[in-house]
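Participant: What would the 3D arrangement of this be:
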Amino acid sequence: MNKQLQTLPDKQAIGEMMCVWAGFVSITLFVFTWIVAVEWLFPPPPDLNATEITDVYLKNTIGIKIGTAVITNFAAPLTLVFAAIITIYMLRMKGPSPVLAYINLATSAIQVLIFIIPTEIFAATAFRLDRTQEITQFGNDLGWLIFDNVVGPTQVQWLAIALAILWDKSEQPLFPRWFAWFNIWGATVILLNNLVLFFKTGPFAWNGLLGWWPGAGIFCLWYYVAFYVMFKAVQKHHRLIANQTTHKN
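Facilitator: You can find the predicted model right below:
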């Protein structure tokens, strides 16, 4: 009977793995909804006039409403679940201050708002398209500037994770050191997003190669890389626990 119980999946491991998968589901749901429902693989160009911006919303009003509802109510909240499991594993490190783990959690909470607030601004813009077109243009501008320009919380989160990994003195670290350098690289590159405030055309505009992909592309890539790292970390952690239990018995 005891041998049968030992072969059953550990409930804690299952719960932690569910939190890890929440990260994968959240970013995949966001990307799929943004491209398929909202139909904004690239943002509407910032140099469009008020009439042209209004036409963008008129052509896909229902899709924008559905997409923003899915993102704000499902995709965005799931990122907090993923942040929670990262925080727990950062607290298991030996060496770095626990404050780095809490910085990760706090900045993740702010990131949820960076998902929700501009997305709801887009929804509000699509909600009442019979108003003055300049108001529609302002709503679009406000949403995209928040969505694409506010990168500070993300940078702080990634740097906190990087420092924790580099300062980890565990005999068998759960996070690979290359993930620290990946976070530092990402936090550096997304600085380019600050330039969207100064350009309406060209590569640094919010729909340009350097104005869009450093933020959207690297941000989404980070979630998939972090999912892989956390998936392996949970497996390794519970394998170590199982080995310790076996040796004690």
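Participant: make it CA atoms for all contacts and neighbour counts henceforth
Facilitator: Will do.
Participant: mind checking the longest helix of this protein?
Facilitator: In the chain, with assignment by DSSP state H, the single longest helix is helix 218-248.
Participant: which of the residues in that one are buried?
Facilitator: Neighbour counts over helix 218-248 (16 or more other Cα atoms under 10 Å) mark 218-220, 222-224, 226-227, 229-234, 236-237 as buried.
Participant: Check the secondary structure at Ala205 for me.
Facilitator: coil (DSSP: H, G, I helix; E, B strand; the rest coil).
Participant: going forward, begin numbering at 123 instead of 1
Facilitator: All set: I'll call the first residue 123, so the last point we hit is now Ala327.
Participant: separation between it and Pro336?
Facilitator: To Pro336, Ala327 is 12 Å away according to Cα to Cα, to the nearest Å.
Participant: Leaving out the residues flanking it, which one is nearest to Ile208?
Facilitator: Met352 (7.2 Å; Cα to Cα, 6 or more residues apart in numbering).
Participant: So for the one you found, what pLDDT did the model give?
Facilitator: pLDDT, Met352: 97.
Participant: how far away is it from Leu170?
Facilitator: In terms of Cα to Cα, Met352 sits 42 Å off from Leu170.
Participant: follow-up on the earlier one: how about the residue nearest to Ile208, what does it touch?
Facilitator: Val142, Ile208, Phe297 (Cα atoms under 8 Å, 6 or more residues apart in numbering).
Participant: Show me which of the residues you listed is closest to Ile236.
Facilitator: Ile208 (19.3 Å; Cα to Cα).
Participant: for the closest one, helix, strand, or coil?
Facilitator: Once three-state DSSP is applied, Ile208 turns out helix.
Participant: For Phe349, see how far away it is.
Facilitator: 10 Å.
Participant: Do I have it right that Ala231 meets Leu202?
Facilitator: Yes. Using Cα atoms under 8 Å as the test, Ala231 is close enough to Leu202 to be in contact (6.5 Å).
Participant: and these two? which has more neighbours close in?
Facilitator: Counted by other Cα atoms under 10 Å, Ala231 and Leu202 do not tie: Leu202 has more neighbours, with 22 against 18.
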